[in-house]
Each structure stands twice: as structure tokens, then as C-alpha cells.
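Enquirer: fold the following and give me the result.
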Amino acid sequence: MQSFFIIQMQRILMPDRFVLPAAVLFDMDGTLLNTEDLWFLSEIELMKSFGIHWTNADHQVCVGGPASRVTDYMIKRIGETIDPVVLMQQAEVSVEKVFARNEISWQPGAKELLDSVTDHEIPTALVTASSSAIVSLVARQIDLSVFDSIITGDDVENPKPYPDPYLQAAGSLGVEVRNCVVIEDSNTGVKSALEAGAYVLCVPSHPILISDDRMRSIPTLTQTKIMDLDIKLWTTERS
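Expert: This is a model prediction of the structure:
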């Protein structure tokens, strides 16, 4: 495998080898925005109403969704027969309250990377398992108008980890998903992107259990540049 330094030098000295993605598709919670703590807080408050002590280990089970899996896990922890639809509605209300009263911030390096992508006129989409109501709350604090397309959990029949969200995002931009780079942080999101056929740049919020030739991992988006989205970097690193 070639060293990262050699690959970087090749991209600088031979710019013809640099291939921009057809689009960059961003996950929201935990990837672009530092909202996982808010989700955790909303879960704590909801489960406290049932007399359940909710831990970080519980939260890690829920990271990335989908909502149906989170609800099933909560019902198991509660240990009572509860209508999943009702519990899901209660969870949504809890999340909305927490998001409404807390500041939402960018993950380190996320805003800079997004700006660089848009400066290079590469199409972008925000692809989130969160509901449109949550996205609307986020939009009160974070300018989401920069995205060419936004796909929420309400827009697809089969949410992450199914490939539908990323397939729909690519389709909305008029590009082939196999030529796109997805930026994700969770196993659920990574699986969705890979099954859709995209390249994945993973910024893990917790241990990633998936390994694939089309996935690269970095610890943070800080100092990540547009050249780090070079599609040929994935194939070159495999040679």
C-alpha cells in the first residue's frame, strides 16, 4: 500500500489524477453537527419519565437510528407493553424540546469542509434520519440553505441502514450515487451509504464495525480538504 505522503504528492504534482466526486452527501447528527449530546439528553429525559436510568451505553445502541430500532430498544428497557407509535411520538416531542432550548453547533472542521465543497461548485445534500420537524428546528440556528437537497427521515419509506436515503439524495441531484462521497459517523449510516454504492468517508462517533474497500476513516474533519474527497484516493490506497 502506498504511503499517504506519496499519494498526496501524486495529487499535487499530477492534478489530472484528481477526480472530484459528482456530489458530496452529508449526514447531519454527529457528522456535521454536534447534536449527539442533545439526542442523549432527550433520551435521558424521556426514559426518566418511565423511571429508567438511561446510560451512555444505551445511547450508543441508538446512535444512527432508525427510529423503529430505537423505539424497540426503549420498550425493551422499559419492560412494559407500550404502543411503539405512541412512544415514538413521545420521543419526538422530547427531542424537539431539547433542540429548541439548546445551542446547536458545527462539528470541528465540518463548516470549513462544507464551504470548500460548495466553493468548488460540487452539489451537496443533507441526508438525515431525523424528521423534517427536527431539521426545521436545526435550521433556526444553522443555515441549511447551502444544501442543494435535503432528505429527512420523513422522505423515505426505508430509512438508514437501508440504501434508500442516499439513493434518493443522489437522484435528487441528478448524479450517479456510485460517483458520490458520503460523509458519515455511524454504523447505520455507513451501511446505508455502502449499500447504495457510494464512497464513504467515515468520521466515527463510536467504534465502526464495518470494513469495506469503498470506506475510509479519519478521526475528525478538522483540516480535511477538498483533495481528501478525491475519488481516486480510495482506489489508489487499495493498490
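
Enquirer: can you give me the strands for the chain?
Expert: Taking DSSP state E as the test, the strands found in the chain are 23-26, 124-127, 149-151, 180-184, 199-202, 215-217.

Enquirer: packed most tightly, which of these would that be?
Expert: strand 180-184 (a mean of 28; mean count of other CB atoms under 10 Å). Where you see a C-beta, it was placed from the backbone N, CA and C, and this is true even at glycine.

Enquirer: excluding its backbone neighbours, what's nearest residue 84?
Expert: Ranked by CB to CB, 6 or more residues apart in numbering and with sequence neighbours excluded, the top spatial neighbour of residue 84 is residue 71, at 4.9 Å.

Enquirer: if we can go back for a sec, export the strands of the chain to TSV and tack on distance to residue 224 and mean pLDDT?
Expert: Formatted as TSV, these follow (distance: least, CB to CB, whole Å; pLDDT from 0 to 100):
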stretch	distance to residue 224	mean pLDDT
strand 23-26	11	98
strand 124-127	15	98
strand 149-151	22	98
strand 180-184	9	98
strand 199-202	8	97
strand 215-217	11	94
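
Enquirer: count of neighbours near the closest residue to residue 87 other than its chain neighbours?
Expert: Spatial nearest neighbour of residue 87, excluding adjacent residues (CB to CB, 6+ apart): residue 71 at 5.3 Å. Residue 71 has 22 neighbours, counted by other CB atoms under 10 Å.

Enquirer: ok, residue 173 next?
Expert: 20.

Enquirer: tell me the pLDDT at it?
Expert: Residue 173 carries a pLDDT value of 98.

Enquirer: oh, and call the first residue 254 from now on, that's how I've got it
Expert: Fine by me, first position is 254 from now on; the one you just mentioned is residue 426.

Enquirer: mind listing what the residue positioned nearest the centre of the chain touches?
Expert: In the chain, the residue lying closest to the centroid (CA atoms, centre = their mean) is residue 280, at 2.4 Å. Neighbour list for residue 280: 380, 381, 435, 436, 437, 438, 439, 442 [criterion: CB atoms under 8 Å, 6 or more residues apart in numbering].

Enquirer: do that again at 7 Å, thanks
Expert: Listed by CB atoms under 7 Å, 6 or more residues apart in numbering, the contact set of residue 280 reads 380, 381, 436, 437, 438, 442.

Enquirer: and those as TSV, adding distance to residue 341?
Expert: What follows is the contacts of residue 280, written out as TSV (distance: CB to CB, whole Å):
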residue	distance to residue 341
380	21
381	16
436	27
437	23
438	23
442	20
